[in-house]
Structures are given as structure tokens and as C-alpha cells.
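Asker: Fold the stuff below for me.
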Amino acid sequence: MLRTTPLTLLLAAGLALAAGNAQATGDTGPYLGGGIGQMHGDGDFDDQAEHWKLVGGYNVGWLPFLDLGAELAYVNGGTLDGEVGGRSATLEVESVQAMGVAGLSVGPLGVYAKAGMADWDADQRGRGVSRDRSGTDPVYGLGARVGLLGLTGRLEVERLDTDEIGNLDMFTAGVVYTF
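Answerer: The predicted structure follows:
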């Protein structure tokens, strides 16, 4: 049995009032953008480095409150310091990602989740360590956005889930423009 509380009633009333003015945050159409942020590794490379990202995608925001889309991204990570086999080493990672995106919007504000696959390349370098690794692994994330006149600011957290080089967590602030 569904119980009704004052908080539930207040939330329902607020959503009902906003429904008339609701529109998709990410306007329908293609978009391009970029971002910068911090990448954190784990395992042998438990360190932080800067990264930058280029994104492009297509958003369908024709349903009230619901945004659906697809996104391609290129991520270039900085140098993570670590230790492999007792020796100091560095790790540089870049990836190409393809993801599905689903979000909820109320006016210019929205939240979204994304999931897909990343094709990545990593270079491990150090004294006695020279390895080139690559793979295709899952990538997923959550984000928040605010849009105005086709320009959307985004804050997001993503995880590239790899077994070979450890997980990479990325925190990104970015901007996209919808055409």
C-alpha cells in the first residue's frame, strides 16, 4: 500500500506546477563541447592528474522531463605516478568512449546518467618498465547540468572500469553547445 506523507504531497504539487513550464535541458539536436578535470587512478597508480575531454553527441529532448541521447568522447589523461614491481613508474591514458545518455530535466536544470564502452590505450614508463597496454572496458557516470540558450554547463563524475590498469575515476567540468 502506498503511503502519502506531507513531503510526498509537497513534491507532487511542486512537480505539477513545474510541468507546464518544463522543457528539456539539453535541447534536441547535435552538440559539441569539451571539459577539463581531475583523474584519479587506483592500484599501482593511486595518484591524481589533470585530464581534458572533447565530446559530441545527439540529444532528443522532446518528452517532458526526459532527455535521451548518445555521446562520443575523447579523453586525454595526464601522468599518474605509481609503482610497478617495486620501481617508480608513470601511466598516461587516453580513451575514446561511446555512451548512451539518459536524463531528467526541469526547466534549465537536469541530472543525467550515462553508460557505454571505452577503447583505451595506456603507456607505462619508468626505469625497467616500458609497457603499452590497451583494452575495451565499461565506462559509466553521473552528472548535473544547467542550460541557457543552447549552451549547457556540466559537472560529471565517470569511472573507466579496467582490470589491467585499475579503475580510473574522472571528475569533469565542461560546456557543450547544442546546434
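Asker: Is there a neighbour count for A144? I'd like the number.
Answerer: Residues lying near A144 (other C-beta atoms under 10 Å) number 15. Placement of C-beta: from N, CA and C, glycine included.
Asker: What residues of the strand or helix carrying S130 count as buried?
Answerer: For S130, the host element (DSSP states H and E) is strand 129-148. Within strand 129-148, the residues that qualify as buried are V129, D137, V139, Y140, G141, G143, R145, G147, counting by 16 or more other C-beta atoms under 10 Å.
Asker: quick one: what helix or strand has the closest residue to the fourth one other than its chain neighbours in it?
Answerer: Think Y140. Spatial nearest neighbour of Y140, chain neighbours left out: A115 (4.2 Å); criterion: C-beta to C-beta, 6 or more residues apart in numbering. A115 is located in strand 109-126, with elements delineated by DSSP H and E.
Asker: could you check the angle strand 129-148 makes with that strand?
Answerer: Counting by axes from the mean of the first three to the mean of the last three C-alpha atoms, to 10 degrees, strand 109-126 lies at 170 degrees to strand 129-148.
Asker: In its sheet, which strands sit next to the strand holding S130, and in what direction?
Answerer: Here strand 129-148 has these sheet partners by DSSP bridges: strand 109-126 (antiparallel), strand 151-160 (antiparallel).
Asker: ok so, going back, around the residue nearest to Y140, how many other residues sit close by?
Answerer: If we define neighbours as other C-beta under 10 Å, then A115 has 13 of them.
Asker: Now do it against E156, distance only.
Answerer: Using C-beta to C-beta, to the nearest Å, we find A115 at a distance of 13 Å from E156.
Asker: which neighbours do the two share?
Answerer: G141 (C-beta atoms under 8 Å, 6 or more residues apart in numbering).
Asker: okay, the nearest residue to G37 once chain neighbours are set aside: pLDDT?
Answerer: Closest residue in space to G37, ignoring its immediate chain neighbours: T172 at 3.7 Å, by C-beta to C-beta, 6+ apart. Looking at T172, its pLDDT is 98.
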